[in-house]
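**Q** Based on what follows, work out the 3D shape:
(2 chains)
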Amino acid sequence: MTALRNDGTLDRRVAVAELMRDPGDLLVVTGLGAATYDVGAAGDRPTNFYLWGAMGGAAMIGLGIALAQPTKRVLVITGDGEQLMGMGALATTAAAKAPNLSIAVLDNARFGETGSQLSHTGLGADLAAVAAACGWQNVAIARDMDEVATLRTRLRTESLFAVLSISAEEKIRHLPPRDGAYLADRFRRALGVAE
Amino acid sequence: MQNPTWQESVYAALKAANVTMIGYVPDAGHAHLIKAAHADPEVDTVVLTTEEEGIALSAGAWLGGKRCAILMQSSGVGNCINMLSLPLNCRMPFLTLVTMRGEWGEFNPWQVPMGAATQPVLTAAGVHVRRADQPDEVAEMVGASAALAFDSQIPVAVLFSQRLIGAKVFVK
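**A** Below is the predicted model of the structure:
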């Protein structure tokens, strides 16, 4: 498997808007930073759970939801830096084998929030290869919008780990709600599990 | 009928509190609970690579309407600190059972610093801490702590003292 190149061309907002098109009852967790802004910009909804911190936790929150709600589909959308901090979670999620959990990493090979420093994926690490080596059976990389459209379906029907090779271009911040108690409560109410 | 060991009573207390998901980083002091969880078809049991994953797993379980407990050793508490902002910010429960090292007949000096720091660090991070020293108090303490965590939606840690679980023997 060849390493990812650092010259992704996908527009992150356009790509995420496609992943989130007609979301139905998809349960979505977003990693802090630009992934949260992108998903918020695609349309706020009660079953979007946005992280504004807890870096490295997005995939594991997704696993917890997936195990608790085995009849629902769970999609984690996060960035390369967030997933790199939670790289062990690739082994944990693979071992747990939740068939209703998918992860999409928006990989711009940079830490975008902090000055666009190169991340490890810009220095040779290949998260798709890591996920495969951890035991993820279905792994994909998208470099153009046709491939993103294919991912949109696969992320909702398989247990898929996907990397979207996105441009490093920075977008205007779109700020969805950041009150964690509000986000958690509305998510649980939308699912009908609030006590 | 033989009286159940305190470890069996702890598992029963978790079940009585409707815990249906258990995440763990292994510790010898949790061996019974881990085995019981894996053998229980009503419980999703998740082995973690690091303890902070357990906080995020618990948050996901709560979002999905389930109750999760995390088993760890005191050395793992230090791995959790930033992730504890998740249950605090989101007013979510978090329940962890922590086996203590480095405090009672410890042979391995590498366990001592984090063992000594476990309770103050958890307290500083906003976690309510209970400590069990006697076998006959553990199950009740776990049950009460589960109620506190899940009903009041706060993070709670129950420390199982090294005197309770027995110091690990290196030299026989």
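
**Q** what about stretch A:88-106, how long is it end to end?
**A** Start and end residues of stretch A:88-106 are separated by 18 Å (Cα to Cα, to the nearest Å).

**Q** So is that stretch next to chain B?
**A** Yes: counting by Cβ under 8 Å from any Cβ of the partner chain, chain B is contacted by stretch A:88-106 at A:88-89, A:91-92, A:95-96. To be clear about C-beta, it is placed using only N, CA and C from the backbone, and glycine gets the same treatment.

**Q** could you give me the average pLDDT of that stretch?
**A** Across stretch A:88-106, pLDDT averages out at 98.

**Q** Show me how far it is from its chain's centre.
**A** 11 Å (Cα atoms, centre = their mean, to the nearest Å).

**Q** List the buried residues in it.
**A** A:88-94, A:96, A:98, A:100-106 (16 or more other Cβ atoms under 10 Å in any protein chain shown).

**Q** And stretch A:128-135, by the same measure?
**A** By neighbour count on 16+ other Cβ under 10 Å, the buried set for stretch A:128-135 is A:128-132, A:134.

**Q** now stretch A:64-77
**A** In stretch A:64-77, counting by 16+ other Cβ under 10 Å, buried: A:64-69, A:72-77.

**Q** filter the residues you listed down to the ones near chain B?
**A** A:64-69.

**Q** Kindly indicate whether the residue nearest to A:Ala54 when sequence neighbours are not counted is helix, strand or coil.
**A** Distances taken as Cβ to Cβ, 6 or more residues apart in numbering or on different chains put B:Leu86 closest to A:Ala54, at 4.3 Å, once the chain neighbours are dropped. The three-state assignment at B:Leu86 reads helix, by DSSP: H, G, I helix; E, B strand; the rest coil.

**Q** List the contacts of B:Arg131.
**A** B:119, B:158-159, B:161 (Cβ atoms under 8 Å, 6 or more residues apart in numbering or on different chains).

**Q** what helix or strand is it on?
**A** strand B:128-132 (DSSP states H and E).

**Q** Which pLDDT value goes with A:Arg5?
**A** 54.

**Q** whoops, B:Met1 was the one
**A** 45.

**Q** Kindly report the same for B:Lys172.
**A** 59.
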